[in-house]
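Trainee: My questions concern the predicted model and sequence given below.
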2 protein chains.
Amino acid sequence: MNEANVRETKDRILDAAEALFAKQGIEATSLRQITSEAKANLASVNYHFNSKEELIRHVYLRRIRPMNQARLDRLTDLESNEASSLDNLLDAFYEPTIEMALDLKDKGLTVGQFMGRLYTEPNEAAQSIITTEMGGVARRFSAAFARHLPHLSPTEVIWRVHFSIGILAHTLAAAAKIQHLSDGRINPHDKQEVLRQMKRFARAGLTAPSLESTT
Amino acid sequence: MNEANVRETKDRILDAAEALFAKQGIEATSLRQITSEAKANLASVNYHFNSKEELIRHVYLRRIRPMNQARLDRLTDLESNEASSLDNLLDAFYEPTIEMALDLKDKGLTVGQFMGRLYTEPNEAAQSIITTEMGGVARRFSAAFARHLPHLSPTEVIWRVHFSIGILAHTLAAAAKIQHLSDGRINPHDKQEVLRQMKRFARAGLTAPSLESTT
DNA sequence: TCACAATTCAAACAAACGTATGAATGAAGC
DNA sequence: GCTTCATTCATACGTTTGTTTGAATTGTGA
C-alpha cells in the first residue's frame, strides 16, 4: 500500500473520531466505534497514533493549527496597517473559526460542536491543547484588543475578551439550541449571518464604557 | 438507620458525583470512584438511584430546580412592576446561577464548572434536562427581553439572548481560564465582580442598534 | 522476481465498567 | 423480645474497554 493510502487510513480514522467525538463526547466513544465507522481495523489506531489519547490530540490539532495560523496571519496584517479597526480585529478572531467549522458542510455542524466544546472539555488532552495552542493566541489578541480599547483597564479588557471567546464557543457548541429556541427560524449554518450577529454583539460589549471611575 | 441518615447517604453520593463530574466529566467518572469518595457501598447507587443515568439526572436537578424557580420568581416580580429595567432583568437571569455556583465555597468552582458545561454536554440525560428544565425558562426570558428591546426583530432578540446565555455558561465552565489569562489578577470567585462585568458586557450587546434596516 | 518494509488483520489480554444478588446489619413498631 | 422493613455490604455476573501480539497481506525498490 502506498503512502497516499496510508494517509487515507489515518484520515478516515481522524474523520470518524471527530464525528463521533462531536456527537457523543470523547470518553463515550470507543476505538471500536471509531474503527468500525472508518472501515479500519481496531489495531490500526494504535499502529498509526500509538494510543487513544494521542489520537485525540491529532483530531484537535488537525483543525486548530491551521485555524490559529490564519488568525495570527490576519492579526499580523492588521498590525502593519494604520487604518485597522476593531471590526477588522473581530473578523480576524472570529472568521477563521467560523470558516473552519461551517465550511465542512458534509459534516454539518459536528466539527463546530466539537471545537466549541474544547474550552470546557475535562479531558486531559484537550486541557493541554488549550494551554499550548490557544494561550499564546489569546494573549496576542488581548494585547491587540487593548490597543483598540484604551478606555478600559487591563483586567477589563481580559474580562471582555473572555466573554467574546465565550460567545464564539457557545455559538459553535450549542448551535442546535438556537435553532430550537427560535423554532427553526434561525439557521446556525448561515456563515455570514452568524458572523454578523456575533460581531455586532461582541463589538457593543467590548466598547461599552468602563466600569472604573479612574478615567 | 433512620431517614435522616438515609438522606445523608444519598446526599454524600450526590456531592461526590457532582465534584467528580465537574473535574473529570460524566463519562470518565465511574460509580466506583463516586462511592469510594462518598464512603458508600458500590451497590448503594443502584439502590438509591436505580442507575447511573438517573443519578446524573438527580445531580443536575438538585441544582437546576431551585435555580430556575428563583429566576422565574424574580421575573414574575418584575412583570408586575412598572419601573423594571433591562438591568433588573439581567439580574433576574444571571444572579441565581452565579449565586448557586459561587455560594458553595467549600467546593470551589466545581459546581459552576459542571453547570456551565450543561449546555454543551453530549450526555443524553443532560440533553433532556436542557429541553425539559431550561427551555421554558429561556422562552419566558426571551419574551421579557423582547419587551425591553423593541428596536430588535424577534430573531435578533433570540440571537442576543443566546449570546447572553453563552457568556454565562462560559464564565462558569471556563472560570479557570480567565484566571490563567490574567496571570492570576482576576478572581473568578468574586461574585459581585463577576456579575458586574457580565452585566456590563451583556447589556451593551443586547441594546446595540439593530442590524436590520426595516426600522 | 525477489527481498524487505509497511500495513492490515484476527485474536487474545487484563482491567474496568454498570448492574444484580442474597446475606448481614440496623433501627422502629407492636 | 420479636418481627418487620430499610439499608448496607461483599461478591459475582456478563460486557466492554484500550492495548498487544504475531501472522498474513500488500506495496516498494533493487
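Mentor: Great, that's in hand. Residues are numbered from 1 along each chain as shown, chains lettered A, B, ... in the order given.
Trainee: Please count neighbours and contacts with C-alpha atoms only from this point.
Mentor: Noted.
Trainee: Look up the closest residue to A:Leu206, ignoring the ones flanking it.
Mentor: Leaving aside its sequence neighbours, A:Leu206 sits nearest to A:Arg160 (CA to CA, 6 or more residues apart in numbering or on different chains; 5.9 Å).
Trainee: count of neighbours near that neighbour?
Mentor: Counted with other CA atoms under 10 Å in any protein chain shown, residues neighbouring A:Arg160 total 26.
Trainee: need the contact list for it.
Mentor: Each residue near A:Arg160 by CA atoms under 8 Å, 6 or more residues apart in numbering or on different chains is listed here: A:205-206, B:197, B:201.
Trainee: out of those residues, which are buried?
Mentor: Among those, those buried by neighbour count (16 or more other CA atoms under 10 Å in any protein chain shown) are A:205-206, B:197, B:201.
Trainee: Closest to B:Gln127 out of these?
Mentor: Proximity of these to B:Gln127 (CA to CA) peaks at B:Phe201, which lies at 27.9 Å.
Trainee: where does chain A have low pLDDT?
Mentor: Scanning chain A with the threshold set as pLDDT under 70 gives A:1-7, A:104-109, A:213-215.
Trainee: At the geometric centre of it, which residue sits there?
Mentor: A:Met115 (4.5 Å; CA atoms, centre = their mean).
Trainee: Kindly provide the distance from that one to B:Val137.
Mentor: A:Met115 sits at a distance of 27 Å from B:Val137 (criterion: CA to CA, to the nearest Å).
Trainee: contacting residues for the residue nearest to the centre of chain A?
Mentor: If a contact means CA under 8 Å, 6+ apart, then A:Met115 has A:60, A:101, A:169, A:172-173 as its contacts.
Trainee: Make JSON lines out of those residues and add secondary structure, neighbour count and distance to B:Leu55.
Mentor: Listed next are the contacts of A:Met115 as JSON lines, based on DSSP: H, G, I helix; E, B strand; the rest coil; neighbours: other CA atoms under 10 Å in any protein chain shown; distance: CA to CA, whole Å:
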{"residue": "A:Tyr60", "secondary structure": "helix", "neighbour count": "20", "distance to B:Leu55": "31"}
{"residue": "A:Ala101", "secondary structure": "helix", "neighbour count": "25", "distance to B:Leu55": "34"}
{"residue": "A:Ala169", "secondary structure": "helix", "neighbour count": "28", "distance to B:Leu55": "28"}
{"residue": "A:Leu172", "secondary structure": "helix", "neighbour count": "27", "distance to B:Leu55": "28"}
{"residue": "A:Ala173", "secondary structure": "helix", "neighbour count": "24", "distance to B:Leu55": "25"}
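Trainee: Out of those residues, which is nearest to chain B?
Mentor: Ranked by distance to chain B (CA to the nearest CA), these are led by A:Ala173 at 5.9 Å.
Trainee: For stretch A:178-195, which residues meet the burial criterion?
Mentor: By neighbour count, with 16+ other CA under 10 Å as the criterion, the buried positions of stretch A:178-195 are A:178-179, A:181-182, A:186, A:188-189, A:194-195.
Trainee: Make TSV out of the residues you listed and add secondary structure and distance to DNA strand D.
Mentor: Converted to TSV, the buried residues of stretch A:178-195 look like this (DSSP: H, G, I helix; E, B strand; the rest coil; distance: CA to the nearest atom of the strand, whole Å):
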residue	secondary structure	distance to DNA strand D
A:Ile178	helix	31
A:Gln179	helix	31
A:Leu181	helix	33
A:Ser182	coil	35
A:Ile186	coil	35
A:Pro188	coil	31
A:His189	coil	31
A:Val194	helix	34
A:Leu195	helix	36
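Trainee: which of these are close to chain B?
Mentor: Checking these against chain B by CA under 8 Å from any CA of the partner chain, the ones in range are A:178, A:181-182, A:186.
Trainee: So of those, which two are at opposite extremes in space?
Mentor: Using CA to CA, the two most remote members of those are A:Leu181 and A:Ile186, lying 8.7 Å apart.
Trainee: Would you mind splitting chain A into its domains for me?
Mentor: For chain A, the structural domains run A:1-50, A:60-207, going by automatic domain parsing.
Trainee: Looking at the buried ones among the contacts of A:Arg160, which two lie furthest apart in space?
Mentor: Maximum distance among the buried ones among the contacts of A:Arg160 (CA to CA): 10.9 Å, for A:Leu206 and B:Gln197.
Trainee: quick one: the helices in chain A?
Mentor: A:3-24, A:31-37, A:43-49, A:52-79, A:86-103, A:110-116, A:124-129, A:135-148, A:154-173, A:175-181, A:191-207 (DSSP state H).
Trainee: from these, which stretch is densest packed?
Mentor: Each of those was scored by mean neighbour count; the highest is helix A:110-116, a mean of 25, by mean count of other CA atoms under 10 Å in any protein chain shown.
Trainee: What backbone torsions are found at A:Ala40?
Mentor: Torsion angles at A:Ala40 (phi, psi; degrees, to the nearest 10) stand at phi -130, psi 160.
Trainee: Contacts only, for the residue lying closest to A:Ala17 once chain neighbours are set aside.
Mentor: Excluding the flanking residues, the one nearest A:Ala17 by CA to CA, 6+ apart is A:Ile34, at 5.4 Å. For A:Ile34, the contact set (CA under 8 Å, 6+ apart) comprises A:13, A:16-17, A:20.
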